[in-house]
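Asks: can't give you the sequence, but here's the structure:
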């Protein structure tokens, strides 16, 4: 491991213009529970940014709704791209399950940020039962030498001293650049684009021939028909009264005939019975594909 990446964590007990010489990162307390905001948070973060340090924000968790506390923290932390977030687990009223719930909720709500968990060695060894710490463990063990916390689990940060009234930490990174790269903004994968709906031409032809002969609202291939009805409605050829009923009745046949005439067809080619060319053209305009 490396002991060259140094940082501090600060709260309202420390000044906004704390010394930054020799530091690579700062973790600033943002919130506690769901009713406290560190009044110096913005100033302390500004000091870190002014000196080019990697910034972290932490939340001191209290008993209560974990999801509500995540929301409160995110609303007040003002994290920017490249900042990391931390949960401070010290309250004995917060269970291991609560700790895990907070971390999972934060990860789901801000997947673009790294989320880590802070605890002292006693909590990690005797209260934690899942070893879950999201993107990394920040362990407080001031009795151990710098960079040698007495835990077996891989760790990212070691709080090794509180000398001079400020908590001092070391990061397990080769350099500040490596830390910044780890904390750098990660763009979550965009949700998969839903596949374009498909309309079976043979089903449409069968419906256009059978539905007008049946009772009002007769459905032959309702799923395919509804897609086409929505497109005809968008074109202004089918009224809302009939769009979406899944029946390719006489009104829908007439509406489809208008679409065919719009494309330049006439006579038998504009009889309201879908053809591949006219249906493909409608699909291109309204996001569906045609299968034969």
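Replies: Yep, that arrived. What you see is a predicted model, and the numbers here were worked out from it, not measured in a lab. Residues are numbered from 1 along each chain as shown.
Asks: just checking, residue 269 touches residue 261?
Replies: No. Residue 269 sits out of contact with residue 261 when judged by C-beta atoms under 8 Å, with a separation of 9.2 Å. Any C-beta I mention is one placed from the backbone N, CA and C, and that applies to glycine too.
Asks: How much space separates residue 95 from residue 197?
Replies: Distance from residue 95 to residue 197, counting by C-beta to C-beta, to the nearest Å: 46 Å.
Asks: repeat for residue 109
Replies: Separation of residue 109 from residue 197 (C-beta to C-beta): 31 Å.
Asks: what does residue 104 give?
Replies: Where residue 197 is concerned, residue 104 sits at a distance of 34 Å (C-beta to C-beta).
Asks: do residue 136 as well
Replies: Applying C-beta to C-beta, the value for residue 136 to residue 197 is 43 Å.
Asks: who's more crowded, those two?
Replies: Taking neighbours as other C-beta atoms under 10 Å, residue 136 and residue 197 compare with residue 136 leading, 20 against 15.
Asks: And for that one, nearest residue in space, chain neighbours not counted?
Replies: Among residues not flanking residue 136 along the chain, residue 156 sits closest, at 3.7 Å (C-beta to C-beta, 6 or more residues apart in numbering).
Asks: Could you count how many residues lie near the one you found?
Replies: Residue 156 has 23 neighbouring residues, counting by other C-beta under 10 Å.
Asks: And residue 118, by the same measure?
Replies: Neighbour count of residue 118, defined by other C-beta under 10 Å: 26.
Asks: what's near enough to touch it?
Replies: 58, 86-89, 138-140, 157, 159 (C-beta atoms under 8 Å, 6 or more residues apart in numbering).
Asks: any chance of these in JSON lines, with pLDDT, distance to residue 184 and neighbour count too?
Replies: Shown next, in JSON lines, are those (pLDDT from 0 to 100; distance: C-beta to C-beta, whole Å; neighbours: other C-beta atoms under 10 Å):
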{"residue": "58", "pLDDT": "98", "distance to residue 184": "19", "neighbour count": "26"}
{"residue": "86", "pLDDT": "98", "distance to residue 184": "16", "neighbour count": "30"}
{"residue": "87", "pLDDT": "98", "distance to residue 184": "20", "neighbour count": "26"}
{"residue": "88", "pLDDT": "98", "distance to residue 184": "23", "neighbour count": "21"}
{"residue": "89", "pLDDT": "98", "distance to residue 184": "25", "neighbour count": "25"}
{"residue": "138", "pLDDT": "98", "distance to residue 184": "18", "neighbour count": "26"}
{"residue": "139", "pLDDT": "98", "distance to residue 184": "23", "neighbour count": "26"}
{"residue": "140", "pLDDT": "98", "distance to residue 184": "25", "neighbour count": "24"}
{"residue": "157", "pLDDT": "98", "distance to residue 184": "17", "neighbour count": "27"}
{"residue": "159", "pLDDT": "98", "distance to residue 184": "23", "neighbour count": "22"}
